[in-house]
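A.B. asks: 3D model of this:
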Amino acid sequence: MTAPLKAVDGTPDLPALMTELAAGARRAARALAIAPTEQKNAALAAMAAAIRASVPAILAANAEDVAEAKASGATTAFVDRLALNEARVAAMADGIDVVRGITDPVGKVTEKWQRPNGMTIERVRVPLGVVAVIFESRPNVLADAGALCLKSGNAVILRGGSDSFRSCRAIHACLVQGLNEAGLPAEAITLVPTRDRDAVGLLLTGLHGGVDVIVPRGGKSLVARVEAEARVPVFAHLEGVNHVYVDKAAKPDMAKTIVLNAKMRRPGVCGAAETLLVDRSAADTQLKPLVTMLLDAGCEVRGDAEVQRADARVKPATDEDWATEYEDAIIAAKVVNGVDDAIAHIEKYGSHHTDAVVTEDDSVARKFLSEVDSAIVLHNASTQFADGGEFGFGAEIGIATGKFHARGPVGVDQLTSFKYRVHGTGQTRP
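C.D. replies: Alright, predicted model coming up:
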């Protein structure tokens, strides 16, 4: 097997390193495309075991990253995204086990038909090839992406944020151990071994055909850069400007529970609610309890005039607030004239990521689910369910907000394409 690439921080030959890295991933992709399910599953089992056995090393590396982030003035929400604990590391290993149990999509015949001339045509799932995942602070993305790409027969090049560099290296070592134990090439899951930001730009070039698709997992500026500069297809994971609309027919206790969870369970994740919309017909009974609950839970509320009247602690909202992904304990709140007004607001300011309606009126729910043009729409459930694990995918590489190829949580099925197999008995075309 090829020796692992060494970090090159401070050296001038980054282009050569990245080209070599992509070439290795391409070789690994060809091996993975024909690897039997049993071998891939053996690697995944070994990866999960290695992570469980390496908890002290992973947490020690993460502690250094967290300390560095705090010293540089990182926000509480940022540190929450970066920080690992025993439960979060265990969840990474558990997620790999779930991915292992998912049906292997590679080679699955999704359609089959026979033509009048006797030829049989099959549409069959195949891997994409080499996937590059560029992510920021959350080190668990590395384990998720590595497991999903392996199960779907893809090699992956991972470029984590500089803030999580040590954590990623510790997790990556566990994944490579799993590959080695199963006899699969170590280059199947490659971590870019440098913090040099120029590595991102080189990945975006496609590295001379070495990369087939790029998945950005991070904030708006990262996604915007990737979409602007990438020379290969992108699964866009746009910001999560997510909404919860509380309808006049919502149960008050359910509305409070959902809104609090959607915003405050983990304010820094992409599925967190960023805007609360309340039906004017329910404002007299619903608005003040919801706003007061959020404020008392430590959430800053920025609202329109009616929301400000509900509680003196509410700050005035600006036009910018309606389109902001705070990734923090901050929420914008507005009173709207029913479901049509809520849908119009979401269409104007939302990011087509995840939006929820709380109502007992089935007609309102159907209208919201039908007309809100987002990758994920929910009825009477928290936006924090915007997660591949919660969808039964085991994990996710991201939430794709575009409409081509993949939309919503990107799991193993979304990491495959297809080809047609045609079986004949000597037919020629007249």
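A.B. asks: Now for the residue lying closest to Val372 once chain neighbours are set aside: which residues touch it?
C.D. replies: Setting aside the residues directly before and after it, Val372 is nearest to Asp355 in space (CB to CB, 6 or more residues apart in numbering), at 5.1 Å. C-beta: built from backbone N, CA, C; applies to glycine. Residues in contact with Asp355 (CB atoms under 8 Å, 6 or more residues apart in numbering) are Asn242, His243, Val244, Tyr245, Ile346, Phe368, Val372, Ser374, Ile376, Val377, Leu378, Thr383.
A.B. asks: 6 Å instead?
C.D. replies: Taking CB atoms under 6 Å, 6 or more residues apart in numbering, we find Asp355 in contact with Asn242, His243, Ile346, Val372, Ser374, Val377.
A.B. asks: Out of these, which one has the lowest pLDDT?
C.D. replies: Among the contacts of Asp355, Ser374 carries the lowest pLDDT, at 93.
A.B. asks: which residues of the stretch 151-300 of the chain fall in helices?
C.D. replies: Read by DSSP state H, counting those that start in this stretch, the stretch 151-300 of the chain holds these helices, from start to end of the chain: 165-182, 198-204, 220-229, 252-264, 288-296.
A.B. asks: Quick check: buried residues in the fourth one?
C.D. replies: Of the residues in helix 252-264, those with enough neighbours to count as buried (16 or more other CB atoms under 10 Å) are Ala255, Lys256, Ile258, Val259, Leu260, Asn261, Ala262, Lys263, Met264.
A.B. asks: tell me the centre residue of the protein?
C.D. replies: Centre of the chain computed as the mean C-alpha position; nearest residue by CA atoms, centre = their mean is Gly398, 1.8 Å away.
A.B. asks: per-residue pLDDT, it?
C.D. replies: Reported pLDDT at Gly398 in the predicted model: 75.
A.B. asks: Need phi/psi at the nearest residue to Asp198 once chain neighbours are set aside.
C.D. replies: By the measure of CB to CB, 6+ apart, the closest residue to Asp198 outside its immediate chain neighbours is Leu14, 5.6 Å from it. Dihedral angles of Leu14 (phi, psi; degrees, to the nearest 10) stand at phi -60, psi -40.
A.B. asks: now Gly389
C.D. replies: Dihedral pair for Gly389: phi -60, psi -40, per degrees, to the nearest 10.
A.B. asks: quick one, which of the helices of the stretch 151-300 of the chain is packed in tightest?
C.D. replies: Between the helices of the stretch 151-300 of the chain, the one whose residues have the most neighbours on average, counting mean count of other CB atoms under 10 Å, is helix 165-182 (a mean of 23).
A.B. asks: now for that one, which elements pack on it?
C.D. replies: Of the remaining helices and strands, those touching helix 165-182 by 3 or more CB pairs under 6 Å, 6 or more residues apart in numbering; DSSP states H and E are helix 37-53, helix 55-71, helix 140-151, strand 189-191.
A.B. asks: If you compare the directions of the first one and helix 55-71, what angle comes out?
C.D. replies: Between the direction of helix 37-53 and that of helix 55-71, the angle (axes from the mean of the first three to the mean of the last three CA atoms, to 10 degrees) works out to 70 degrees.
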